[in-house]
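>>> Give me coordinates for this.
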Amino acid sequence: HAVNEHTNSAWFNLLGNTIQTHKIEHNCVWAADETGFQPGGGLSQQVIGAAKKQVQHQQHDGNQENITVMVTISIEVAPSGLV
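I've put the predicted structure just below:
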């Protein structure tokens with residue numbers, strides 16, 4: 001419920017004002033997102049807990065390695081507009 005038209009508008013107004021106030025160049029503006037996954041996950045899993053409870057604990061075989069993938073995107077402004 002926190003993400004809606006009004007909060008999005010407020011966020012981008014704040015971002016735009018901050019960029020202008022501090023004279024931040026466009027090549028210094030980046031977006032990032034990350035996700036994590038366990039290799040080999042989903043092979044054999046069990047959920048332990050009472051039926052219809054909201055909190056469940058998950059148990060699975062395999063190692064506990066977690067791989068994080070992070071995507072970063074930079075913006076550049078070309079004379080013809082945003083590229």
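>>> For the rest of this, base every contact and every neighbour count on C-alpha atoms.
OK.
>>> how close does the nearest residue to Q38 once chain neighbours are set aside get to E5?
Once flanking residues are discounted, Q38 sits nearest to N66: 4.7 Å by CA to CA, 6 or more residues apart in numbering. Plainly put, N66 is 35 Å away from E5 if you go by CA to CA, to the nearest Å.
>>> Q38 now?
From Q38 to E5 the distance is 35 Å (CA to CA).
>>> what do you get for K53?
Distance from K53 to E5, by CA to CA: 33 Å.
>>> thinking again about what came up before, which pLDDT does the model give the residue nearest to Q38?
pLDDT for N66: 80.
>>> What number of neighbouring residues does it come out with?
11 (other CA atoms under 10 Å).
>>> OK, contacts around it?
By CA atoms under 8 Å, 6 or more residues apart in numbering, N66 lies in contact with 36-39.
>>> mind running it again at 10 Å?
Counting by CA atoms under 10 Å, 6 or more residues apart in numbering, N66 touches 36-39, 41.
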